[in-house]
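J.: got a structure for you, letters missing:
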């Protein structure tokens, strides 16, 4: 857990927080291909020109 951000200064509370996150993640159903694509797109650093910019060109 040392590579995780510290959410709480109290080490016991911080450890409990991350255990809770681990339980939530473990209980979640796997993502489908479409869900992964939506997430990948949302966090993509690639930009495409907007319609405004295409029309102006």
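T.: Thanks, I have it. Not measured: the values here are computed from a predicted model.
J.: Give the burial count for residue 26, as a bare number.
T.: Number of residues near residue 26 (other Cβ atoms under 10 Å) recorded here: 7. Using the backbone N, CA and C atoms, a C-beta is placed for each residue, glycine as well.
J.: Phi and psi next, for it.
T.: Main-chain torsions, residue 26, degrees, to the nearest 10: phi -70, psi -30.
J.: Use 519 as the first number from now on
T.: Right, with 519 as the first residue, what we last looked at is residue 544.
J.: Distance of residue 560 relative to residue 536?
T.: Remark: distance between residue 560 and residue 536 (Cβ to Cβ, to the nearest Å) = 24 Å.
J.: the more surrounded of the two?
T.: Comparing residue 560 with residue 536 by other Cβ under 10 Å, the one with more neighbours is residue 536, at 15 against 7.
J.: quick one: what helix or strand has the more buried one in it?
T.: Taking DSSP states H and E as the criterion, residue 536 maps to helix 529-545.
J.: Could you check that helix and say which residues are buried?
T.: 532, 535 (16 or more other Cβ atoms under 10 Å).
J.: which residues sit against that helix?
T.: Applying Cβ atoms under 8 Å, 6 or more residues apart in numbering, the contact partners of helix 529-545 are 519, 522, 524, 525, 526.
J.: pull the helix or strand with minimum mean pLDDT from the protein.
T.: Sorting the helices and strands of the chain by mean pLDDT, DSSP states H and E puts helix 569-574 at the bottom, at a mean of 62.
J.: Low-confidence regions, the chain specifically.
T.: Within the chain, the stretches with pLDDT under 70 are 519-520, 565-575.
J.: Kindly recompute the last result at 90.
T.: Regions of the chain meeting the criterion pLDDT under 90 cover residues 519-521, 562-575.
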